[in-house]
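Novice: quick one, structure for this:
(chains A and B, ligands or ions: 2)
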Amino acid sequence: MATADTWQPAPSMPPPRTETGWIGWARANLFGNWLSGLVTVVTVPLILWAVWRMVSWVIGPADWTLIASRPQQFLIGLYPTEYAWRPLTGWLLVSILFGMAAAMWGGAARRIALGYGIITVLLGVLPYGLFHEGVVMPWWVRAFILGNLLTLALGYGLGSNPKTAKPRTFVLGGVGIYVLLLLILIGIPGMEEVAPRKWGGLMLNLILAVSGIFFAFPIGVLLALGRRSNLPVVKVLCVVFIEVFRGVPLITLLFMSQVLVPLALPANFPVDSVTRAAIVITLFSAAYTAENIRGGLQGLHPGQAEAARALGLPGWQVTMLIQLPQAIRNVIPAIVGQFIALFKDTSLVYIVGMLDILEMGRSIVQGNVQFADNARELFIFVAAVFWVFTYTMSFVSRRVERHLGVGQR
Amino acid sequence: MAAEVAVAADQAPVADDIIVARDVHKWFGDFHALRGVTTTVGRGEVVVVIGPSGSGKSTFIRTINRLEQHQRGDIIVDGVEMTDDVRNIDAIRREVGMVFQSFNLFPHLTVMRNITLAPMKVRKTPMDEAEASALELLERVGIPEQADKYPGELSGGQQQRVAIARALAMQPKIMLFDEPTSALDPEMIKEVLEVMKELAASHQMTIVAITHELGFAREVADRIVMFDEGQIVEDLPPAEFFNNPRHERVRRFLSQIL
Ligand SMILES: Nc1ncnc2c1ncn2[C@@H]1O[C@H](COP(=O)(O)OP(=O)(O)O)[C@@H](O)[C@H]1O
Ligand SMILES: [Mg+2]
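Specialist: Ligands and ions are numbered 1, 2, ... in the order given. Just a heads-up that it's a prediction; the model follows:
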């Protein structure tokens, strides 16, 4: 019996075997009660069977010639072949950013850069583009693609040098490279112009998504702040904007941008249909971003703003330094989800006649008798490409969340 | 000395009163939360405010830095009348520090950034100077080793001491405390009270503190002010307040919280 003098804390023991490890997990999650056990017994074999059928088709009878013979169309659509060096140059520039991020942030950024490097090497050396008679990938294209390893290394060097490894340099460099990329694609004065209408493939999806995210975020922040403003005019404008763009399907907005906007603008208004589509996608996404951020602002404890005001910070600094950073951090998962949706929605530009990666593929299948039976391969390939990008985004989001969680506990 | 202050409190406001409240009224919708509060606080005075929950204590001290707006009467802080004039409000908030029951530290900033934010943004103090004085303040509240942590990594008592350091970093003339220890576990109350006692004893600044720590009130307060139903019912030096209150209401309240 324990008395005051001899009292000892009981030793800490490990939990029972059956509650840990995969056995414990299966007991808790798959066979927790008779109903869940039944569901498990019925569904698991079904799933395994379906997966097995898929896999054996993919590695067996599936014919990937369609994918392997048309890398150029999938990557850049109908961008003229004689100017293919322009997007390839843009790609080289983008690699610098991947390298820099890997060196500056390590961890997740390094793993992404590694995957990016591996994919680049595969694209450079795999014998695709050779199956289809007459279409041979020129050696100089392979040289360009493999050159990305050099610019990746260059970026890594910049990211390791304390002089250039600054978040500000990275962001400004990123914006600079992006603008430069667009200029090269369109053609700076003196170069032959390639109208955005001719852009296509994965490049088009990425450009629409990056522009969308880049502008949707700040516009969304402003809309969220405007909706909470004390000025009735600002508030009403923001509410109307948000509700209109959230209330109308994106596909409708895209149609409207093509047929209605020209009515409202001068006949020769210099905005082509791609730019119009990009603007609509951006504004659509901004409306959702605004509501996410507003939710984050509303979730904050009112004591945060009070403490900041009590310190004498002026109102706009209370917003910028105290409320917004916390609100944005709290809704990062929702915002990333929003951006993933935006990236996927870029496929909708097919309705205004653009050949994004999906529509490009469909038109190859439809226009070539020898590929008429390959729609399955096409959709699996396109789905996989989209998945790689969206999964990377949610991977980054989870890492950022965990990293920022430090201050929240 | 205590008797002197008690007399001063009953007199009309004099030039050296840093806070003057005259017939202050405040409504929340239809609810009459402050019903004619008149009092003054002298420079360097330490005033403890007590009273039942909902009696308007917080509302009153929050009108002093205009986190709440009063609707009738006057509040004059350090010679500046509290009106809607934004410049007046910002000027006063720089001179008035506030410590809250729920700490309200900024969770996304380190302890160091919590403390240096306002001096750097509002007073334009250079970063190295602001950091040096932040370290001194952390020393003073007894946690110099926590500068690089985030608030979420500290105990409640440590967080509240950081909140005090954050308010002191603006070198305020007045410090307002709104039940700074009532969200704390018992073993942490003492460490926060020690810091407050040290502040009060230094007589460098005026302190208005809502707290039900009667030992603290007895030890450092110049006056104890009791609120009930949006009014001040008693305003006496501690000795008289505890031994010889003028109102039966005070005795009843003390018997409830002791
Ligand atoms: N923002 C508010 N809106 C409506 N009623 C409030 C608000 N703040 C305080 N009150 C009410 O005013 C009264 C006084 O509150 P408060 O000053 O916080 O009391 P104390 O601090 O003495 O407990 C309470 O009845 C409270 O419910
Ligand atoms: Mg209160």
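
Novice: three-state assignment of the nearest residue in space to residue A:390 that is not next to it in sequence?
Specialist: With sequence-adjacent residues excluded and distances taken as CB to CB, 6 or more residues apart in numbering or on different chains, residue A:390 is closest to residue A:340, at 4.7 Å. For every residue, glycine as well, the C-beta is placed using N, CA and C. The three-state assignment at residue A:340 reads helix, by DSSP: H, G, I helix; E, B strand; the rest coil.

Novice: repeat for the one 3 residues further on
Specialist: Secondary structure, three-state DSSP: residue A:343 is helix.

Novice: so how far is residue A:40 from the residue in the stretch 201-350 of chain A positioned nearest to ligand 1?
Specialist: Closest residue of the stretch 201-350 of chain A to ligand 1, CB to the nearest ligand atom: residue A:302 (9.2 Å). From residue A:302 across to residue A:40, the span is 47 Å (CB to CB, to the nearest Å).

Novice: more neighbours: which of these two?
Specialist: It is residue A:40, of residue A:302 and residue A:40, that has more neighbours when counted by other CB atoms under 10 Å in any protein chain shown, with 15 against 8.

Novice: quick one: contacts for that one?
Specialist: Taking CB atoms under 8 Å, 6 or more residues apart in numbering or on different chains, we find residue A:40 in contact with A:30-31.

Novice: report how many residues lie close to residue 93.
Specialist: This is for chain A. Count around residue A:93 with other CB under 10 Å applied: 19.

Novice: if you could check chain B rather than the one you did, that'd help
Specialist: Neighbours around residue B:93, by other CB under 10 Å: 25.

Novice: check residue B:174 too.
Specialist: Neighbours of residue B:174 under the rule other CB under 10 Å: 23.

Novice: tell me the confidence at it?
Specialist: You'll see residue B:174 listed with a pLDDT of 96.

Novice: correct me, but it touches residue B:199?
Specialist: No: counting by CB atoms under 8 Å, residue B:174 stays clear of residue B:199, with 11.8 Å between them.

Novice: shared neighbours of those two, anything?
Specialist: With CB under 8 Å, 6+ apart, residue B:174 and residue B:199 have common neighbours B:205, B:207.

Novice: how about residue A:146, nearest residue that isn't a chain neighbour?
Specialist: Nearest non-adjacent residue to residue A:146, counting by CB to CB, 6+ apart: residue A:124, 4.1 Å away.

Novice: what's the closest non-adjacent residue to residue B:168?
Specialist: Nearest to residue B:168 is residue B:137, by CB to CB, 6+ apart, at 5.5 Å.

Novice: contact partners for that neighbour?
Specialist: Residues near residue B:137 by CB under 8 Å, 6+ apart: B:115, B:165, B:168-169.

Novice: and which of the residues you listed is nearest to chain A?
Specialist: For the contacts of residue B:137, the closest approach to chain A (CB to the nearest CB) belongs to residue B:169, at 8.6 Å.

Novice: which ones are touching residue B:199?
Specialist: So residue B:199 contacts B:164, B:168, B:175, B:205, B:207 (CB under 8 Å, 6+ apart).

Novice: and residue B:68, its phi and psi?
Specialist: The phi/psi pair for residue B:68 (degrees, to the nearest 10) reads phi -120, psi 140.

Novice: cool, residue B:152 as well?
Specialist: Torsion angles, degrees, to the nearest 10, at residue B:152: phi -60, psi -10.

Novice: same check on residue B:81?
Specialist: Here residue B:81 shows phi and psi, under degrees, to the nearest 10, equal to phi -80, psi 140.

Novice: same check, this time on the one 3 residues further on
Specialist: Residue B:84 has phi and psi values of phi -80, psi 0 when expressed as degrees, to the nearest 10.

Novice: what do you get for residue A:193?
Specialist: phi -80, psi 140.

Novice: so who does it touch?
Specialist: Residue A:193 touches A:186-187, counting by CB under 8 Å, 6+ apart.

Novice: measure it to residue B:249 for me?
Specialist: Note on residue A:193: its distance to residue B:249, by CB to CB, is 86 Å.

Novice: now do the contacts for the nearest residue to residue A:306 once chain neighbours are set aside.
Specialist: Excluding the flanking residues, the one nearest residue A:306 by CB to CB, 6+ apart is residue B:67, at 5.6 Å. By CB under 8 Å, 6+ apart, the contact list for residue B:67 reads A:306, A:309-310, B:98.

Novice: next, format these as a markdown table and append distance to residue B:76 and pLDDT.
Specialist: Below are the contacts of residue B:67 laid out as a markdown table (distance: CB to CB, whole Å; pLDDT from 0 to 100):
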| residue | distance to residue B:76 | pLDDT |
| --- | --- | --- |
| A:306 | 22 | 96 |
| A:309 | 20 | 95 |
| A:310 | 19 | 96 |
| B:98 | 18 | 97 |
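
Novice: and of those residues, the nearest to residue A:138?
Specialist: residue A:309 (64.4 Å; CB to CB).

Novice: hang on, the closest one packs against residue B:92?
Specialist: No: contact criterion CB under 8 Å: residue A:309 and residue B:92 do not qualify, at 11.3 Å.

Novice: who's more crowded, those two?
Specialist: Taking neighbours as other CB under 10 Å, residue A:309 and residue B:92 compare with residue B:92 leading, 24 against 21.

Novice: neighbours of the residue of the stretch 101-250 of chain B found nearest ligand 1, how many?
Specialist: Using CB to the nearest ligand atom, the single residue of the stretch 101-250 of chain B nearest to ligand 1 is residue B:227, 6.1 Å away. Neighbour count for residue B:227, taken as other CB under 10 Å: 24.

Novice: that one: what's it in contact with?
Specialist: By CB under 8 Å, 6+ apart, the contact set of residue B:227 is B:49-52, B:55-57, B:60, B:233.

Novice: out of those, which comes closest to residue A:32?
Specialist: residue B:52 (50.3 Å).

Novice: list the contacts of that closest one.
Specialist: Contact analysis of residue B:52 by CB under 8 Å, 6+ apart lists B:227-228, B:253, B:256.

Novice: sort out for me which of these are in strands.
Specialist: Using DSSP state E, B:227-228 are the members of the contacts of residue B:52 that sit in strands.

Novice: tally of neighbours for residue 94?
Specialist: Assuming you mean chain A. 20.

Novice: hmm, no, I was thinking of chain B.
Specialist: 19.

Novice: how about it: what's its closest non-neighbour residue?
Specialist: Spatial nearest neighbour of residue B:94, excluding adjacent residues (CB to CB, 6+ apart): residue A:312 at 4.0 Å.

Novice: now the helices for the stretch 151-258 of chain B?
Specialist: B:156-168, B:186-202, B:214-220, B:238-243, B:248-257 (DSSP state H, counting those that start in this stretch).

Novice: hang on, the earlier thing: keep only those of the contacts of residue B:67 that are in strands.
Specialist: Going by DSSP E, the strands hold residue B:98 from these.

Novice: tell me the one of the contacts of residue B:67 nearest residue A:176?
Specialist: Top of the list for closeness to residue A:176, among the contacts of residue B:67 and by CB to CB, is residue A:309 at 38.1 Å.

Novice: in contact with the residue nearest to the closest one when sequence neighbours are not counted, which residues?
Specialist: The shortest distance from residue A:309 to any non-neighbouring residue, by CB to CB, 6+ apart, is to residue A:318 (5.9 Å). Shown in contact with residue A:318 (CB under 8 Å, 6+ apart): A:305, A:308-309.

Novice: then residue B:206?
Specialist: Contacts for residue B:206 (CB under 8 Å, 6+ apart) come out as B:18-19, B:41-46, B:173-175.

Novice: can you say which of those residues are buried?
Specialist: Listed as buried from these are B:18-19, B:41-42, B:44-46, B:173-175; burial here means 16 or more other CB atoms under 10 Å in any protein chain shown.
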